[in-house]
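[1] how would this look folded up:
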Amino acid sequence: MSERWIPFDMIDSHEDPFEQFSVWYNEALGEMREREAIALVTATADGHPTARMVLLRYIGDGGFGWYSNYESRKGRDLEENPNAAILWYCEPLGRQIRIEGTVAKMIAANSDEYFASRPRGHQVGAHASQQSRPIGTRKMLEEQVEEAALRFEGTEVPRPGYWGGYLLTPTAFEFWQHRKDRLHDRILYTQEGDGWRRERHCP
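    Reported below is the predicted structural model:
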C-alpha cells in the first residue's frame with residue numbers, strides 16, 4: 001500500500017451507520033488515549049453555536065449519549081434548540097465521524113444508574129458546581145465542594161435533579177477517512193424512510 005491510511009469506499013461501508021460506527025469505534029480501542037472524547041456542538045434558538053468536548057458515555061436506544069448539568073450552557077442551548085452535532089476524531093487512524101440529530105433528556109433510570117457509578121468526588125462536585133455560572137475565585141469553589149462533602153458525609157450522594165443524561169438520535173452520519181494528497185474518502189448516510197441512504201462525497 002502506498003499510504004498509511006486504509007481506503008474506505010462504498011463497498012467497505014456497512015448498510016447501517018450504527019454498525020459502521022461500531023466497527024470504527026472498536027478498531028480505535030488501544031489507539032487513543034480518550035476514545036470516548038467527542039466534540040459537541042449546540043446552538044441557541046437564534047442559531048448562535050458553541051462547541052466543547054464531552055465524553056461519549058452511552059451508545060444504545062438508537063442514539064449516542066453523554067451526561068451533564070442541565071443548567072449548563074449546553075443544557076440551556078438544548079432547551080431552546082434540541083438540534084445538535086457531535087464529532088468523533090481518531091487521529092492515529094486518520095478517521096472522523098460526524099453525527100447530526102435531535103437531542104432529548106435520557107430517562108431518569110439511565111441517569112441514576114450512571115450517576116451511581118461515578119467516583120464519589122465527581123458526585124459531590126455535581127452538587128457543588130453551578131456549571132457555566134460565574135464564580136469569584138477558585139477558593140470559593142473549593143469551599144462549596146467542602147460544604148457538599150460534609151452535607152453527604154456518611155450517606156450515598158443522590159443525583160441532583162438538574163444533572164443527567166442526553167441522547168442524540170441521529171438524522172445524518174458522515175464517515176471520513178484521511179487519504180494521500182488530501183483526496184479523502186467521505187461516505188454520507190441520511191435517513192430515508194425506515195432506512196438509510198448512502199452516497200460518496202467529494203473530499
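[2] in this structure, which spans are helices?
    In the chain, the helices defined using DSSP state H lie at 17-27, 73-80, 108-117, 120-128, 138-151.
[3] pipe these into TSV and attach mean neighbour count, distance to D61 and mean pLDDT per row.
    Where you see a C-beta, it was placed from the backbone N, CA and C, and this is true even at glycine. Below are the helices of the chain laid out as TSV (neighbours: other CB atoms under 10 Å; distance: least, CB to CB, whole Å; pLDDT from 0 to 100):
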stretch	mean neighbour count	distance to D61	mean pLDDT
helix 17-27	16	11	97
helix 73-80	18	17	97
helix 108-117	15	9	96
helix 120-128	17	23	93
helix 138-151	13	31	90
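[4] which one of the ones you listed lies nearest to H184?
    helix 17-27 (14.5 Å; CB to CB).
[5] before we move on, back to that, looking at the helices of the chain, which is nearest to P92?
    Smallest distance to P92 across the helices of the chain (CB to CB): 10.0 Å, for helix 17-27.
[6] contacts for the closest one?
    13-14, 35, 59, 62, 88, 90, 93, 95, 97, 99, 170, 173, 175, 189, 196 (CB atoms under 8 Å, 6 or more residues apart in numbering).
[7] buried subset of those?
    Buried residues within the contacts of helix 17-27, counting neighbours by 16 or more other CB atoms under 10 Å: 13-14, 35, 88, 90, 93, 95, 97, 99, 170, 173, 175, 189, 196.
[8] picking that back up, mind putting the helices of the chain in TSV, distance to A39 included?
    Listed next are these as TSV, based on distance: least, CB to CB, whole Å:
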stretch	distance to A39
helix 17-27	15
helix 73-80	12
helix 108-117	21
helix 120-128	21
helix 138-151	25
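[9] right, so of the ones you listed, which gets closest to L183?
    helix 17-27 (19.5 Å).
[10] let's see the closest one as PDB, backbone CA atoms only.
    Presented in PDB, the C-alpha positions along helix 17-27 are these (Å, rounded to 0.1, in the frame of the first residue of the first chain):
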ATOM      1  CA  PRO A  17     -24.400   3.600  10.100                       C
ATOM      2  CA  PHE A  18     -24.700   2.400  13.700                       C
ATOM      3  CA  GLU A  19     -22.900  -0.800  12.700                       C
ATOM      4  CA  GLN A  20     -20.300   1.200  10.800                       C
ATOM      5  CA  PHE A  21     -19.700   3.400  13.900                       C
ATOM      6  CA  SER A  22     -19.200   0.300  16.000                       C
ATOM      7  CA  VAL A  23     -16.600  -1.000  13.500                       C
ATOM      8  CA  TRP A  24     -14.500   2.100  13.600                       C
ATOM      9  CA  TYR A  25     -15.000   2.700  17.300                       C
ATOM     10  CA  ASN A  26     -13.900  -0.800  18.100                       C
ATOM     11  CA  GLU A  27     -10.900  -0.500  15.800                       C
END
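[11] that older thread, out of the contacts of helix 17-27, who's nearest W5?
    L93 (7.5 Å).
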